[in-house]
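Asks: pasting the sequence and the predicted model now:
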Amino acid sequence: DVKVTQSSRYLVKRTGEKVFLECVQDMDHENMFWYRQDPGLGLRLIYFSYDVKMKEKGDIPEGYSVSREKKERFSLILESASTNQTSMYLCASSVPGVETQYFGPGTRLLVL
Amino acid sequence: AQSVTQPDIHITVSEGASLELRCNYSYGATPYLFWYVQSPGQGLQLLLKYFSGDTLVQGIKGFEAEFKRSQSSFNLRKPSVHWSDAAEYFCAVNSGNTPLVFGKGTRLSVIA
(Lines give C-alpha, C1' and ligand atoms only; values in the text may rest on other atoms or scores of the structure.)
Protein backbone atom coordinates (compact mmCIF):
# COMPACT_ATOMS: atom_id res chain seq x y z
CA ASP A 1 0.00 0.00 0.00
CA VAL A 2 1.06 3.55 -0.70
CA LYS A 3 1.91 5.42 2.43
CA VAL A 4 2.03 9.18 2.71
CA THR A 5 3.01 10.51 6.10
CA GLN A 6 2.94 14.03 7.46
CA SER A 7 5.21 15.10 10.27
CA SER A 8 2.52 16.39 12.63
CA ARG A 9 -1.19 15.84 13.03
CA TYR A 10 -1.66 19.03 15.06
CA LEU A 11 0.52 22.11 15.26
CA VAL A 12 0.16 25.39 17.14
CA LYS A 13 2.34 28.34 16.14
CA ARG A 14 2.58 32.04 16.82
CA THR A 15 2.08 34.78 14.27
CA GLY A 16 5.37 35.57 12.53
CA GLU A 17 6.96 32.18 13.18
CA LYS A 18 8.51 30.18 10.36
CA VAL A 19 6.66 26.89 10.02
CA PHE A 20 7.76 23.71 8.27
CA LEU A 21 5.29 21.02 7.29
CA GLU A 22 6.91 17.82 6.12
CA CYS A 23 5.48 15.15 3.86
CA VAL A 24 7.12 11.83 3.03
CA GLN A 25 5.91 9.13 0.64
CA ASP A 26 7.36 5.65 0.44
CA MET A 27 6.35 4.59 -3.08
CA ASP A 28 8.87 6.43 -5.25
CA HIS A 29 6.23 8.75 -6.68
CA GLU A 30 7.45 11.56 -8.89
CA ASN A 31 4.51 13.87 -8.25
CA MET A 32 3.76 15.51 -4.92
CA PHE A 33 1.17 18.10 -3.94
CA TRP A 34 0.23 20.40 -1.07
CA TYR A 35 -3.38 21.44 -0.50
CA ARG A 36 -5.12 23.38 2.19
CA GLN A 37 -8.65 22.55 3.23
CA ASP A 38 -11.07 25.04 4.73
CA PRO A 39 -14.76 24.59 5.55
CA GLY A 40 -16.95 25.49 2.60
CA LEU A 41 -13.97 25.95 0.29
CA GLY A 42 -12.92 22.37 -0.30
CA LEU A 43 -9.31 21.61 -1.16
CA ARG A 44 -7.20 24.27 -2.80
CA LEU A 45 -3.83 23.58 -4.39
CA ILE A 46 -0.90 25.51 -2.93
CA TYR A 47 2.14 24.04 -4.71
CA PHE A 48 3.07 20.90 -6.55
CA SER A 49 6.20 19.21 -7.80
CA TYR A 50 6.75 16.77 -10.65
CA ASP A 51 10.38 16.03 -9.85
CA VAL A 52 13.19 16.69 -7.40
CA LYS A 53 14.11 20.36 -7.15
CA MET A 54 11.14 21.24 -9.31
CA LYS A 55 8.10 23.19 -8.10
CA GLU A 56 5.04 24.78 -9.60
CA LYS A 57 2.62 27.26 -8.10
CA GLY A 58 -0.91 26.15 -7.56
CA ASP A 59 -3.98 28.28 -7.07
CA ILE A 60 -3.04 29.91 -3.75
CA PRO A 61 0.77 30.06 -3.37
CA GLU A 62 0.94 33.44 -1.64
CA GLY A 63 2.57 33.23 1.77
CA TYR A 64 3.98 29.76 1.13
CA SER A 65 7.08 28.20 -0.35
CA VAL A 66 8.14 24.59 -0.87
CA SER A 67 11.26 22.50 -1.01
CA ARG A 68 11.89 19.19 -2.71
CA GLU A 69 15.47 18.11 -2.22
CA LYS A 70 14.71 14.39 -2.27
CA LYS A 71 12.16 12.49 -4.28
CA GLU A 72 10.30 11.14 -1.28
CA ARG A 73 10.05 14.38 0.68
CA PHE A 74 8.09 17.55 -0.06
CA SER A 75 8.14 20.34 2.49
CA LEU A 76 5.73 23.24 2.79
CA ILE A 77 7.12 26.38 4.39
CA LEU A 78 5.23 29.27 5.88
CA GLU A 79 7.88 31.98 5.97
CA SER A 80 5.99 34.14 8.47
CA ALA A 81 2.84 32.48 9.72
CA SER A 82 -0.33 34.52 9.87
CA THR A 83 -3.70 33.79 11.46
CA ASN A 84 -5.34 33.40 8.04
CA GLN A 85 -3.08 30.39 7.45
CA THR A 86 -4.87 28.47 10.18
CA SER A 87 -6.15 25.48 8.25
CA MET A 88 -5.90 21.79 7.53
CA TYR A 89 -2.96 20.99 5.24
CA LEU A 90 -3.00 17.85 3.11
CA CYS A 91 -0.13 16.34 1.19
CA ALA A 92 -0.60 13.92 -1.72
CA SER A 93 1.54 11.99 -4.17
CA SER A 94 1.03 10.24 -7.49
CA VAL A 95 2.80 8.58 -10.38
CA PRO A 96 2.82 10.33 -13.78
CA GLY A 97 0.35 8.63 -16.09
CA VAL A 98 -1.47 7.05 -13.16
CA GLU A 99 -3.66 9.89 -12.10
CA THR A 100 -4.79 8.70 -8.71
CA GLN A 101 -3.44 10.82 -5.86
CA TYR A 102 -2.76 9.29 -2.47
CA PHE A 103 -3.22 11.51 0.55
CA GLY A 104 -1.59 11.80 3.93
CA PRO A 105 -3.64 12.16 7.12
CA GLY A 106 -3.31 15.94 7.20
CA THR A 107 -1.82 18.50 9.56
CA ARG A 108 -4.19 20.78 11.39
CA LEU A 109 -2.34 24.07 11.92
CA LEU A 110 -3.47 26.75 14.33
CA VAL A 111 -1.72 30.13 14.15
CA LEU A 112 -2.29 32.32 17.17
CA ALA B 1 -11.16 27.05 -16.56
CA GLN B 2 -11.68 23.67 -15.05
CA SER B 3 -14.21 23.45 -12.26
CA VAL B 4 -16.16 20.91 -10.26
CA THR B 5 -19.54 21.64 -8.72
CA GLN B 6 -21.09 19.66 -5.92
CA PRO B 7 -24.51 21.30 -5.56
CA ASP B 8 -25.34 19.81 -2.18
CA ILE B 9 -23.37 21.12 0.78
CA HIS B 10 -25.02 18.79 3.30
CA ILE B 11 -27.26 15.76 2.89
CA THR B 12 -28.99 13.75 5.60
CA VAL B 13 -30.26 10.24 4.90
CA SER B 14 -31.70 7.48 7.01
CA GLU B 15 -29.68 4.35 7.56
CA GLY B 16 -30.65 1.79 4.93
CA ALA B 17 -31.89 4.40 2.48
CA SER B 18 -30.33 4.93 -0.93
CA LEU B 19 -27.91 7.75 -1.59
CA GLU B 20 -26.95 9.86 -4.58
CA LEU B 21 -24.35 12.62 -4.39
CA ARG B 22 -24.18 14.93 -7.36
CA CYS B 23 -21.10 16.11 -9.19
CA ASN B 24 -20.88 18.24 -12.33
CA TYR B 25 -17.65 19.25 -13.98
CA SER B 26 -16.43 21.70 -16.55
CA TYR B 27 -13.27 20.52 -18.26
CA GLY B 28 -11.83 21.20 -21.68
CA ALA B 29 -10.06 17.90 -22.19
CA THR B 30 -11.16 14.33 -21.65
CA PRO B 31 -11.53 14.15 -17.90
CA TYR B 32 -10.37 11.64 -15.39
CA LEU B 33 -12.93 11.62 -12.57
CA PHE B 34 -12.61 10.66 -8.94
CA TRP B 35 -14.60 10.42 -5.75
CA TYR B 36 -12.81 10.67 -2.43
CA VAL B 37 -14.17 10.27 1.09
CA GLN B 38 -12.88 11.97 4.22
CA SER B 39 -13.84 10.77 7.67
CA PRO B 40 -13.63 13.34 10.47
CA GLY B 41 -10.05 14.33 11.21
CA GLN B 42 -8.64 12.07 8.50
CA GLY B 43 -7.04 12.39 5.11
CA LEU B 44 -8.80 11.55 1.85
CA GLN B 45 -9.42 8.00 0.73
CA LEU B 46 -10.11 7.11 -2.88
CA LEU B 47 -13.56 5.57 -3.36
CA LEU B 48 -13.51 5.10 -7.12
CA LYS B 49 -12.26 6.56 -10.37
CA TYR B 50 -13.21 6.75 -14.03
CA PHE B 51 -10.64 6.98 -16.80
CA SER B 52 -12.34 5.35 -19.79
CA GLY B 53 -14.49 2.40 -20.82
CA ASP B 54 -17.60 1.33 -18.97
CA THR B 55 -19.32 4.46 -17.71
CA LEU B 56 -20.58 2.74 -14.55
CA VAL B 57 -17.70 2.19 -12.16
CA GLN B 58 -17.66 0.26 -8.94
CA GLY B 59 -15.70 1.36 -5.93
CA ILE B 60 -14.97 0.36 -2.39
CA LYS B 61 -17.52 0.19 0.43
CA GLY B 62 -20.37 -0.59 -1.98
CA PHE B 63 -20.26 2.74 -3.85
CA GLU B 64 -20.67 3.20 -7.57
CA ALA B 65 -20.65 6.18 -9.91
CA GLU B 66 -21.88 6.79 -13.41
CA PHE B 67 -20.14 9.03 -15.94
CA LYS B 68 -22.56 10.86 -18.22
CA ARG B 69 -20.65 12.86 -20.79
CA SER B 70 -23.77 14.56 -22.18
CA GLN B 71 -24.60 15.93 -18.74
CA SER B 72 -21.00 16.50 -17.61
CA SER B 73 -21.86 14.57 -14.49
CA PHE B 74 -20.30 11.89 -12.33
CA ASN B 75 -22.81 11.14 -9.57
CA LEU B 76 -21.98 8.83 -6.70
CA ARG B 77 -24.54 6.27 -5.52
CA LYS B 78 -25.03 3.68 -2.87
CA PRO B 79 -28.15 1.50 -2.60
CA SER B 80 -28.20 1.22 1.18
CA VAL B 81 -26.36 3.64 3.45
CA HIS B 82 -24.69 2.54 6.68
CA TRP B 83 -24.05 4.79 9.68
CA SER B 84 -20.31 4.45 9.03
CA ASP B 85 -20.76 6.22 5.69
CA ALA B 86 -21.20 9.53 7.48
CA ALA B 87 -18.30 11.61 6.17
CA GLU B 88 -17.44 14.30 3.67
CA TYR B 89 -17.31 13.36 0.01
CA PHE B 90 -15.28 15.11 -2.64
CA CYS B 91 -15.54 14.86 -6.39
CA ALA B 92 -12.39 15.69 -8.35
CA VAL B 93 -11.22 15.87 -11.95
CA ASN B 94 -7.96 16.06 -13.86
CA SER B 95 -6.61 15.21 -17.27
CA GLY B 96 -3.23 13.73 -17.95
CA ASN B 97 -0.43 14.71 -15.63
CA THR B 98 -2.20 17.67 -14.04
CA PRO B 99 -3.22 18.44 -10.47
CA LEU B 100 -6.67 17.48 -9.29
CA VAL B 101 -9.42 20.08 -9.23
CA PHE B 102 -11.79 19.41 -6.35
CA GLY B 103 -15.37 20.27 -5.66
CA LYS B 104 -16.19 21.91 -2.34
CA GLY B 105 -17.49 18.70 -0.87
CA THR B 106 -20.77 17.26 0.35
CA ARG B 107 -21.15 16.38 4.00
CA LEU B 108 -23.24 13.27 4.56
CA SER B 109 -25.09 12.69 7.82
CA VAL B 110 -26.78 9.37 8.54
CA ILE B 111 -29.66 9.13 10.98
CA ALA B 112 -31.16 6.03 12.56
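Replies: In hand now; what should we look at? Remember, predicted model here, so these are calculated numbers, not experimental data.
Asks: which element is encountered next along the chain beyond the lowest-mean-pLDDT helix or strand in chain A?
Replies: In chain A, no helix or strand scores lower on mean pLDDT, DSSP states H and E than strand A:98-103, which sits at a mean of 82. As assigned by DSSP states H and E, the chain's next helix or strand after strand A:98-103 is strand A:107-111.
Asks: quick one: residues in contact with that next one.
Replies: A:6-15, A:17, A:19, A:21, A:81-83, A:85-89, B:41 (Cβ atoms under 8 Å, 6 or more residues apart in numbering or on different chains). C-betas here are computed from N, CA, C, even on glycine.
Asks: before we move on, what about stretch A:91-98?
Replies: Counting by Cβ under 8 Å, 6+ apart, A:2, A:4, A:6, A:21, A:23, A:25, A:27, A:29-35, A:50, A:74, A:76, A:100-104, B:44, B:97, B:100 sit against stretch A:91-98.
Asks: go on, stretch B:19-29?
Replies: So stretch B:19-29 is contacted by B:1-8, B:11, B:13, B:31, B:33, B:35, B:71-78, B:81, B:85, B:89, B:91, B:93, B:95-96, B:101, B:103, B:106, B:108 (Cβ under 8 Å, 6+ apart).
Asks: report the buried members of the contacts of stretch A:91-98.
Replies: Buried by 16 or more other Cβ atoms under 10 Å in any protein chain shown: A:4, A:6, A:21, A:23, A:25, A:29-35, A:50, A:74, A:76, A:100-104, B:44, B:100, out of the contacts of stretch A:91-98.
Asks: partners of the spatially most central residue of chain B in the sheet?
Replies: Residue closest to the mean C-alpha point of chain B, counted by Cα atoms, centre = their mean, is B:W35 at 3.7 Å. Counting by DSSP bridges, B:W35 forms beta bridges with B:L48, B:C91.
Asks: follow-up on the earlier one: narrow the contacts of stretch A:91-98 to those in helices?
Replies: Among these, no member falls in helices (DSSP state H).
Asks: which parts of chain A sit against chain B?
Replies: Within chain A, the positions lying close to chain B (Cβ under 8 Å from any Cβ of the partner chain) are A:4, A:31, A:33, A:35, A:40-45, A:48, A:50, A:58, A:90, A:92, A:96-97, A:99-106, A:108.
Asks: ok, A:G40 touching B:R107?
Replies: No: counting by Cβ atoms under 8 Å, A:G40 sits too far from B:R107 to count as a contact (10.2 Å).
Asks: of these two, which one has the most company?
Replies: Legend: neighbour count by other Cβ atoms under 10 Å in any protein chain shown for A:G40 and B:R107, higher for B:R107 (15 against 7).
Asks: that one contacts B:V13, correct?
Replies: No: between B:R107 and B:V13 there is no contact, the gap being 11.7 Å when judged by Cβ under 8 Å.
Asks: spatially, what comes nearest to A:L112 if we skip its sequence neighbours?
Replies: A:R14 (5.7 Å; Cβ to Cβ, 6 or more residues apart in numbering or on different chains).
Asks: since we're on that neighbour, how many residues are nearby?
Replies: 9.
Asks: can you pull the contacts of it?
Replies: A:A81, A:V111, A:L112.
Asks: show me how to select, in ChimeraX, the buried members of these.
Replies: If you want just the buried ones from the contacts of A:R14 in ChimeraX, going by 16+ other Cβ under 10 Å, the selection is:
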select /A:81,111
